[in-house]
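Student: What follows is a predicted structure for the sequence shown.
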Number of protein chains: 2
Amino acid sequence: MTARCSVYLAVSLDGFIARPDGALDWLSVVERPGEDYGYQSFFDDVDALVLGRKTYEVALGFDAWPYAGKRCVVMTHGTPTRRHDEEFFAGAPKEVVDRLSREGVTRLYVDGGDVIRQFLAAGLVDDLTLSIIPVLLGEGIRLFGATGRDVRLDLVRSRSFPTGLVQSEYRVRR
Amino acid sequence: MTARCSVYLAVSLDGFIARPDGALDWLSVVERPGEDYGYQSFFDDVDALVLGRKTYEVALGFDAWPYAGKRCVVMTHGTPTRRHDEEFFAGAPKEVVDRLSREGVTRLYVDGGDVIRQFLAAGLVDDLTLSIIPVLLGEGIRLFGATGRDVRLDLVRSRSFPTGLVQSEYRVRR
């Protein structure tokens, strides 16, 4: 059994996941006490994470390590110092998925723009949950990149929230 | 009274309105007999159109002129031949909106990537209805561009269709 690879991400309506400098301040337009837009439920359902190096560094800067209790693999060619039992992996997306699948992982949370694009291009993403934030940033770091082909998606569900956030879950057609 | 400026457009989930060569074949994934996703109702509600030159040329290639019965202004610095009572305008977005408003237009359908981006950057768009098509194209002509600032939007409504199309209507905050 190959682990199901899932993406769960917020994007501006114009397709950015961060400002040019990585800032996420614009997410505050949808922040409401007690509303996590299904994140905890999603997080509870994954066994392990595969993160990009930049996303990892952002997470290291948080007050608390956000991935506590989950196996966490960072895709990097560097040799960072281990801080929270995380693992480092320098191979291809397919290799890390195969390895984690062999080791019993059933659902993988794939995070970070570069890593998501690599997984998408390699045909490894099974589902995407995108929360569209009602703002145009005009510039920033994009979620999507070249795919080399059309990638067809099936809509699983879509829901909107009083904050104007529209969350759609897609399954990638194989 | 300034005319309300409206955008009504289909985009791929990765934010493209056309393939690199302008092709729209990928829209076929949501084409169903008898389902126009609210287009006719929107079209009936506008008095006039402001089109970009490229969008205009695409429309000229259709079997029937798609804007029959509506006043149609094409933004161009060229001097094309008039074929369907269309008008040509070489000025700024604000000027065309002011002129049409003075002449009694109450709602304007703004179409074409370049023109929409100019209208957005000039703060002239009042509402956007975006139909997100469940496909990643990987490359193509983008809808959104630089805005020079954050543009905040209010969600008016969002609905999804059995084809997987998610249509969200936003009002631009002034």
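Tutor: Looks like it arrived, so ask away. Here the structure is a predicted model, which is why all the values come from computation and not from measurement. Residues are numbered from 1 along each chain as shown, chains lettered A, B, ... in the order given.

Student: going forward, measure contacts and count neighbours with C-alpha atoms only.
Tutor: OK.

Student: would you list every one of the strands in chain A?
Tutor: For chain A, applying DSSP state E gives strands covering A:4-12, A:16-18, A:48-52, A:71-75, A:87-89, A:107-111, A:127-133, A:135-136, A:141-142, A:151-160, A:166-172.

Student: Is any residue of the second one near chain B?
Tutor: No - on the criterion C-alpha under 8 Å from any C-alpha of the partner chain, strand A:16-18 is out of touch with chain B, staying 10.2 Å away.

Student: Which elements pack onto that strand?
Tutor: On a contact count with 3 or more C-alpha pairs under 8 Å, 6 or more residues apart in numbering or on different chains; DSSP states H and E, strand A:16-18 meets strand A:4-12, strand A:141-142.

Student: distance of the closest residue to residue A:138 other than its chain neighbours from residue A:148?
Tutor: Among residues not flanking residue A:138 along the chain, residue B:146 sits closest, at 4.2 Å (C-alpha to C-alpha, 6 or more residues apart in numbering or on different chains). Going from residue B:146 to residue A:148 by C-alpha to C-alpha, to the nearest Å gives 25 Å.

Student: Pick out whichever of the two has more residues nearby.
Tutor: When residue B:146 and residue A:148 are compared for neighbours, residue B:146 comes out ahead with 16 against 13, by other C-alpha atoms under 10 Å in any protein chain shown.

Student: can you tell me which residues contact the more buried one?
Tutor: Contacts for residue B:146 were tallied using C-alpha atoms under 8 Å, 6 or more residues apart in numbering or on different chains; they are A:137, A:138, A:139, B:117, B:121.

Student: The fourth one touches residue B:142, doesn't it?
Tutor: No - judged on C-alpha atoms under 8 Å, residue B:117 makes no contact with residue B:142 at a distance of 9.8 Å.

Student: OK, contacts around residue A:102?
Tutor: Contacts of residue A:102 by C-alpha under 8 Å, 6+ apart are A:1, A:2.

Student: Hmm, I typed the wrong one, I wanted residue A:113.
Tutor: With contacts defined as C-alpha under 8 Å, 6+ apart, residue A:113 is in contact with A:17, A:52, A:141, A:142, A:143, A:144.

Student: wait, which of those residues is closest to residue A:9?
Tutor: Nearest to residue A:9, judged by C-alpha to C-alpha, of these is residue A:17 at 7.8 Å.

Student: Burial check on the closest one, number of neighbours?
Tutor: For residue A:17, the neighbour count with other C-alpha under 10 Å is 26.

Student: And the one 5 residues further on, by the same measure?
Tutor: When neighbours are counted by other C-alpha under 10 Å, residue A:22 registers 13.

Student: Leaving out sequence neighbours, find the closest residue to it.
Tutor: Per C-alpha to C-alpha, 6+ apart, closest to residue A:22 is residue A:141, 7.3 Å.

Student: okay but that neighbour is in contact with residue A:19, surely?
Tutor: Yes - under the criterion of C-alpha under 8 Å, residue A:141 makes contact with residue A:19 at 6.0 Å.

Student: returning to what we had before: ok, and which of the helices and strands packed on strand A:16-18 has the densest surroundings?
Tutor: With neighbours defined as mean count of other C-alpha atoms under 10 Å in any protein chain shown, those peak in mean count at strand A:4-12, which reaches a mean of 21.

Student: Check whether it comes near chain B.
Tutor: No - against chain B, strand A:4-12 shows no contacts by C-alpha under 8 Å from any C-alpha, the least distance being 10.2 Å.

Student: Partner strands of that strand and their direction?
Tutor: Partners of strand A:4-12 in the sheet, by DSSP bridges, are strand A:107-111 (parallel), strand A:127-133 (parallel).

Student: Nearest to residue B:67 among these would be which one?
Tutor: For the strands paired with strand A:4-12, proximity to residue B:67 was assessed by C-alpha to C-alpha; strand A:127-133 is nearest, at 31.6 Å.

Student: Report the contact partners of the closest residue to residue A:87 other than its chain neighbours.
Tutor: Leaving aside its sequence neighbours, residue A:87 sits nearest to residue A:73 (C-alpha to C-alpha, 6+ apart; 4.7 Å). Taking C-alpha under 8 Å, 6+ apart, we find residue A:73 in contact with A:48, A:49, A:50, A:51, A:86, A:87, A:88, A:89.

Student: One more: residue A:123?
Tutor: The contact partners of residue A:123, by C-alpha under 8 Å, 6+ apart, come to residue A:174.

Student: Can you list the buried residues in stretch A:102-110?
Tutor: Within stretch A:102-110, the residues scored as buried using 16 or more other C-alpha atoms under 10 Å in any protein chain shown are A:105, A:106, A:107, A:108, A:109, A:110.

Student: next one: stretch A:27-34
Tutor: Neighbour counts over stretch A:27-34 (16+ other C-alpha under 10 Å) mark A:27, A:30 as buried.

Student: repeat for stretch A:157-168
Tutor: For stretch A:157-168, burial by neighbour count (16+ other C-alpha under 10 Å) applies to A:158, A:160, A:164, A:165, A:166, A:167, A:168.

Student: how close does the residue nearest to residue A:87 get to chain B?
Tutor: Noted for residue A:73: a distance of 27 Å to chain B, by C-alpha to the nearest C-alpha, to the nearest Å.
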